[in-house]
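Engineer: structure here, sequence nowhere to be found:
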């Protein structure tokens, strides 16, 4: 009988400890999940910015190569189109870099407040 009582008491105390500690761990886990989402968003913005940077670099090389060709209506129109695409990709790169910085700052603040 003494063993049953001790075992019952031990199980009850263990259940109470687990029951009271679960919500705190759950809230912190959810909070850290939000921080991780911010980090993932920042990485996504960085990857998209790098992509547009590479596209702009390739367009720049195409513009340089086309500038060596003889000038006629076709090459002039093609170069104008390439310049437009180049400007758009540079603008997108700048925008995604800005979003990357903002998301990184937000993620850092989130991690600091989680500690």
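Structural biologist: Right, received. Where do you want to start? All values reported here derive from a predicted model rather than from experimental measurement. Residues are numbered from 1 along each chain as shown.
Engineer: C-alpha only now, for contacts and for neighbours.
Structural biologist: Noted.
Engineer: just the strands in the protein please.
Structural biologist: Read by DSSP state E, the chain holds no strands at all.
Engineer: helices along that one, start to end?
Structural biologist: 2-67, 73-114 (DSSP state H).
Engineer: from the contact counts, what lies against the last one?
Structural biologist: Contacting helix 73-114 under the criterion 3 or more Cα pairs under 8 Å, 6 or more residues apart in numbering; DSSP states H and E are the following elements: helix 2-67.
Engineer: tell me the phi and psi of residue 69?
Structural biologist: With angles defined as degrees, to the nearest 10, residue 69 sits at phi -80, psi 160.
Engineer: and residue 39, what is it in contact with?
Structural biologist: Contact partners of residue 39, counting by Cα atoms under 8 Å, 6 or more residues apart in numbering, are 103-104, 107.
Engineer: how far away is residue 79 from residue 114?
Structural biologist: With distances taken as Cα to Cα, to the nearest Å, residue 79 is found 52 Å from residue 114.
Engineer: who's more crowded, these two?
Structural biologist: Neighbour totals were compared for residue 79 and residue 114, and residue 79 leads with 19 against 12 (other Cα atoms under 10 Å).
Engineer: is it true that that one touches residue 65?
Structural biologist: No - contact criterion Cα atoms under 8 Å: residue 79 and residue 65 do not qualify, at 10.0 Å.
Engineer: burial check on the closest residue to residue 36 other than its chain neighbours, number of neighbours?
Structural biologist: Nearest residue to residue 36, sequence neighbours excluded (Cα to Cα, 6 or more residues apart in numbering): residue 107, at 7.6 Å. The number of residues packed near residue 107 is 22, by other Cα under 10 Å.
Engineer: surely residue 107 is in contact with residue 35?
Structural biologist: Yes - between residue 107 and residue 35 there is a contact at 5.6 Å, judged by Cα under 8 Å.
Engineer: show me the shaky parts of this protein.
Structural biologist: 1-28 (pLDDT under 70).
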